[in-house]
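Asker: How does the following fold in three dimensions:
(chains A and B)
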Amino acid sequence: MIRLSMETPDRAQQVVQDLCRDMGHRIAANPPGLCPVDMALNFLRLCHAQTCGKCVPCRIGLSQLETLLESILDQTAPEGTIDLIEQTASAIVDSADCAIGYEAAAMVLQGVRGFREDYEEHAHYGRCICSLKQPVPCVTVCPAHVDIPGYIALIREGQYDDALALIRKDNPFPHSCAYVCEHPCERQCRRRLVDDAVNICGLKRFAADHAGNQTPPPPAESTGKRVAVIGGGPSGLTAAYYLRLMGHTITVFEQREKLGGMLRYGIPDYRLPPEVLQRDLDYILATGIEVKTGVCVGKDIQLADLKGEYDALYIAIGAHADKKLGLEGEDSKNVLSAVEFLRNCGEGNAPDFTGKRIVVIGGGNVSMDATRTSIRLGAESVTCVYRRRVDDMTALPEEIEDALAEGCQILPLQAPDHIEANENGEVCALWTRPQIIGGYGRDGRPAPHNAQQKKFRIPCDYLIIAIGQRIESDEFEKVGIGTSHGALKADLSGYVPGTPNVFAGGDDVTGPATVIRAVAAGKVSAANIDSFLGYSHTIGTEVKIPPAKLSNAPPCGRVQLKSRNPMESRCDFALASCGMTEEEAMQEAGRCLRCDHFGYGIFKGGRTTQW
Amino acid sequence: MVNVTVNGTAVQVPEGTTILNAAKAAGVDIPHLCYLKDLNEIGACRVCCVEIEGERNLVPSCNNPVFEGMSIRTNTDRVRRTRRINVELILSQHDCHCATCLRSGNCHLQSVANDLGILENPYPADLVTGARALWPRDFPLYRDTNKCIKCMRCIQVCDKIQGVHVWDLSGTGSRTRVDVSGTRRIKESDCTLCGQCITHCPTGALRERNDTQKAFDAIADPDKITVVQIAPAVRTAWGENLGLSPEQASVHRMAAALRRLGFDYVFDTSFSADLTIMEEGSEFLRRFQAGDTRELPMFTSCCPGWVRYLKSHYPQWTDRLSTAKSPQQMFGAVAKNYFAHKLGVSPDKLYCVSIMPCIAKKQECALPTMKTDAGQDVDLVLTTRELVRMIRAENLHPETLAEEAFDSPLGTYTGAGVIFGATGGVMEAALRSAYYLVNGKNPKAEAFTAVRGSAYEQGWTEAEFDLGGAVVRTAVVSGLSNTRRLLEAIESGKVHYDFVEVMACPGGCAGGGGQPQNRDDEERAAERGQRLYALDKCSTLRFSHENPEVQALYRDALGAPGSELAEEWLHTDHDGWEMPRSQV
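Answerer: Now for the predicted structure:
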């Protein structure tokens, strides 16, 4: 008699598991703008299919919820149905026996409360207020709305110069973004429905690395209007570039010695080599933009004067000041802020960390930059301390992986408590309070709280604090520019309310964000400044997009960029990642599903040729 | 040139040719539903999918160009099976009660399904019911959601040709359908009622409100004297769906048919087009000479679709419209005030019907401002299509009828009145008479042909004329996207004109939204317009001011253009009614 047997999933179960995995990809790549009620109904159906059938609320309740939601969508629901949905879902949440039931009902409840107006529009008018406005997911999600399927098609044809020209229609930093863009475009890539997102950023880097030297198009006829741009980072220079192409006369005021902003002074060379940044800067400046470096607005020159002297102003000063922990011992020697530390490195004044023990506090991309820079400066050990789990770190996963591979350590669930200094007033240790991960906070992330463990001492010679950045907005506040939590206040057009001719954008308005969001803000403000000055110039390109191939490639793995040997790359500031080979780039470009042509794109919104 | 084979037959076509057209060049017709040349090449219906050697999936032939060496198969088992299933799927969501559909016999879907020999559908009917299928029955444009096959043509025409954006997809997933954009209801929308969506609809989903029964009722009413007027453009198209040749489809044969239908008096709107020229031309000269057009032009007001557009998109320019009523309304006003008097009957005995190439006319005639003491100027508007339906309902065979003259008075017209139905015609007619008014002598009838517009080109036509010392700058535009471009150029000061003619439909009334629908998807506005110019050319009278019956009307009743009585009968207040504002 067989008492026990080895269990192997049968064929059907195996297939269902595969389908679940595919469904997961599909849901993750959900196109923006779908009908939320229809989605809620179909999620509910999926949930109900998972029901075992034992308990009443789950077996019958979910079924009745389906009927009710369907009646809403068919506009056959009697008055009060939405309330009945809410009450039924509440009862299921309260009384279902297991998570299959109560979590399913909780999703319905979240929806009926979160998008009740959609329910009402369907129930009363039989219509949906959702709108599928921009059907190409990558273009929609890119803040600057770069024509991604267009440039991938050009890469596939080997037209790298044209690919860059097309990118520059919406983003004048193709080289820099090819290296450091956070590529939100890949998040909802439709290719995920087939296998995995196209490596868009990697393809852009391939184009940037293989494009020749290019000269910008000639600006439009001079308008005689003068615009001052305060801040020579990605946002300011984007606005400057487009406004210059529109025929306006531009002066950029930059407080540091060189242009580039955070691209130069925040991002380490091993991620963005200065010569790559320089290619973008040269191209932008070749349009004929006047640049005044080493000029700090508020000190060397007054904003009020600029307001009068120029027809319009664009403020893009970024977020270059540091945030303090507010801990005992924070003013000890060798306690550095990450922005200051990275800026010094960018200026060529990197400290010598040879043989030193470094502790970095923070879990974002800046903390990873500080961590990986420290190891390159010869540190004996680098420990990144973070109060949540590694899973909760906001740094890109590949940054974390690379930091670990390069021999850095990540110490999660340690909240800084105080800083210990030696008799010379130099930092000698960070004391932390161990944390335990707990319930979910209002931000939807699990929050840490103090664990029942003793304080923990981490000896160190340098402490780098990377817990966020501040905006140096005081001088601007003084001359009547509104602020909110330290950020400049501008409306969605970039215009600063209450001023005659001032616009603002980038990190100084949004708080520390990404390069591509800064570029997008510059683009938006350029268009609106042009209108404000009484013009309607458009920005476009002559580049012709190659037609889509007839049908698409079968499933194929995504090409990932490779890293250099971490034990080597930790010793220098040369690029840590390697670009694609031509073979890889061609294969990867062939994975693009050309959503500009297939599906909704060919009907509406597939391509914006000018703005 | 590119070499391809279609079902084994080699053919050479220019680079960029679509698979559909390459197949056509090889003598192979690929069935299709949504495809509309240049306007809707989106591969939505998937009926035109074919097999291409080396491709994994079937490929839609309407929007993919051929490449060198392409081997196209349109008749494999896989293609045939897929095409059939896709048509069956479309039919499952289509109200297939063809016997009660006005497109029966003239429907893309019906012919594709019939050609495929689909006699039963394995897919159960899946039609929209209840509130979601409702549409206001009193609105001049009617939409039957269950006949819509979501080809998107209406959306594209309204977006690309007209730039009004009334239609859009609504909802997503299985409940996606075409509806008024921006979750508006049609009556609250800025729909101009141009009807271009109707003439480009492949099925019976879009049509005019059917008013034929009202016409039959009026004819049958012994207490009513029915007076019918025929718009200029109707004569160019009414025979298309009746199997008449252009020669057979003359306006005088139409007059005969209308009398057989039972109308008591039959007239030509070209008469009141001449009258419009007298009023609008005089008004223009007055405004021009007073310097009123130095900043902004005077716009023509005879196209109700355009008036609706202006009032919703440029309401601040409503006073730039000529105050002259349209020929249709002038005719009605004169009929009820002057013709009733001539007949010696009370005006309320008269029932004025007009046959128009237009949907917006149905709304224009119902405006509260379009009346005099003698009552509503026009009681009922029928489109060209409704006229054709009435002729068919009565089993008339116009080709067997002898041509008949119009009634009199109000039955005489000039070539200048006839060309109202083509883009540029109003302007040309107005300039002919304005020249006369300024110089006291006629110009050559061909003096102003430079203003004749084109039906389907982007932009507008402009021309300058010396009217005896003063240069008049004119522009002519048709299609509302073109109109928007023109208005923007005027607004920004890039261009300046004194007098602008606008027609909402591309090519003018000849391409009107009330004209016949045809299954071949050919744009006929230009060809129909040419027919009007040809009629003008062979007219003995070519100047509106020389129309003897118009002259008699002024002599007997109105006095002079712009007189107090002319103002009362023939002019209107464009501010006297509300139009929903545009959301763009």
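Asker: And the helices in the stretch 351-500 of chain A, which stretches?
Answerer: A:365-376, A:397-405, A:474-478 (DSSP state H, counting those that start in this stretch).
Asker: export these to a markdown table and tack on mean pLDDT, mean neighbour count and distance to A:V502?
Answerer: Any C-beta I mention is one placed from the backbone N, CA and C, and that applies to glycine too. A markdown table is the format used below for the helices of the stretch 351-500 of chain A (pLDDT from 0 to 100; neighbours: other C-beta atoms under 10 Å in any protein chain shown; distance: least, C-beta to C-beta, whole Å):
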| stretch | mean pLDDT | mean neighbour count | distance to A:V502 |
| --- | --- | --- | --- |
| helix A:365-376 | 95 | 26 | 29 |
| helix A:397-405 | 93 | 17 | 36 |
| helix A:474-478 | 85 | 15 | 9 |
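Asker: between those, which gets nearest to chain B?
Answerer: Among the helices of the stretch 351-500 of chain A, helix A:397-405 comes nearest to chain B, with 31.7 Å by C-beta to the nearest C-beta.
Asker: what about the one residue in the stretch 301-450 of chain A that gets nearest to chain B, neighbour count?
Answerer: Chain B sits closest to A:D311 of the stretch 301-450 of chain A, with a gap of 19.2 Å, by C-beta to the nearest C-beta. A:D311 has 18 neighbouring residues, counting by other C-beta atoms under 10 Å in any protein chain shown.
Asker: what does chain B have sitting close to chain A?
Answerer: Chain B comes close to chain A at residues B:41-44, B:52, B:55-57, B:59, B:63-65, B:129-132, B:152, B:155, B:169-175, B:179, B:183, B:492, as judged by C-beta under 8 Å from any C-beta of the partner chain.
Asker: what are the ranges of the helices in the stretch 401-550 of chain B?
Answerer: B:415-418, B:425-439, B:480-491, B:525-537, B:548-553.
Asker: Single out the residue in the stretch 451-584 of chain B that lies closest to chain A.
Answerer: In the stretch 451-584 of chain B, the residue that lies nearest chain A is B:S492 (7.8 Å; C-beta to the nearest C-beta).
Asker: Quick one: mean pLDDT for the top strand by length along chain A?
Answerer: If you go by DSSP state E, chain A has its longest strand at strand A:427-440. Computed over strand A:427-440, the mean pLDDT rounds to 96.
Asker: picking up where we left off before, looking at the residue of the stretch 301-450 of chain A closest to chain B now. What's its pLDDT?
Answerer: Reported pLDDT for A:D311: 97.
Asker: cool, B:Q583 as well?
Answerer: As predicted, B:Q583 sits at a pLDDT of 69.
Asker: How about B:A566?
Answerer: pLDDT, read off for B:A566, is 96.
Asker: Residues of the stretch 501-611 of chain A that sit close to chain B?
Answerer: So the stretch 501-611 of chain A meets chain B at A:S536, A:P547, A:L550, A:S551, A:N552, A:P554, A:I602, A:F603, A:K604 (C-beta under 8 Å from any C-beta).
Asker: for chain A, same thing?
Answerer: A:33-35, A:38, A:42, A:73-76, A:121, A:125-130, A:132, A:536, A:547, A:550-552, A:554, A:602-604.
Asker: so what are the domain limits for chain A?
Answerer: The record, using automatic domain parsing to delimit domains, assigns chain A the ranges A:34-125, A:137-215+A:541-602, A:226-320+A:471-532, A:323-469.
Asker: got JSON lines for those, with distance to B:L382 too?
Answerer: Below are those laid out as JSON lines (distance: least, C-beta to C-beta, whole Å):
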{"stretch": "domain A:34-125", "distance to B:L382": "32"}
{"stretch": "domain A:137-215+A:541-602", "distance to B:L382": "39"}
{"stretch": "domain A:226-320+A:471-532", "distance to B:L382": "47"}
{"stretch": "domain A:323-469", "distance to B:L382": "62"}
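Asker: and B:P304, how many neighbours?
Answerer: So B:P304, with other C-beta under 10 Å, has 27 neighbours.
Asker: which residues touch it?
Answerer: B:L193, B:S326, B:C358, B:A360, B:K361, B:Q363, B:E364 (C-beta atoms under 8 Å, 6 or more residues apart in numbering or on different chains).
Asker: same thing with A:R26?
Answerer: Contact analysis of A:R26 by C-beta under 8 Å, 6+ apart lists A:R192, A:L193.
Asker: Checking it next. Helix, strand or coil?
Answerer: Under DSSP: H, G, I helix; E, B strand; the rest coil, the three-state class of A:R26 is helix.
Asker: rewinding a little: what separation is there between the nearest residue to the residue of the stretch 451-584 of chain B closest to chain A once chain neighbours are set aside and A:Q610?
Answerer: Nearest residue to B:S492 in three dimensions, chain neighbours excluded: A:S536, at 7.8 Å (C-beta to C-beta, 6 or more residues apart in numbering or on different chains). Distance, A:S536 to A:Q610, by C-beta to C-beta, to the nearest Å: 11 Å.
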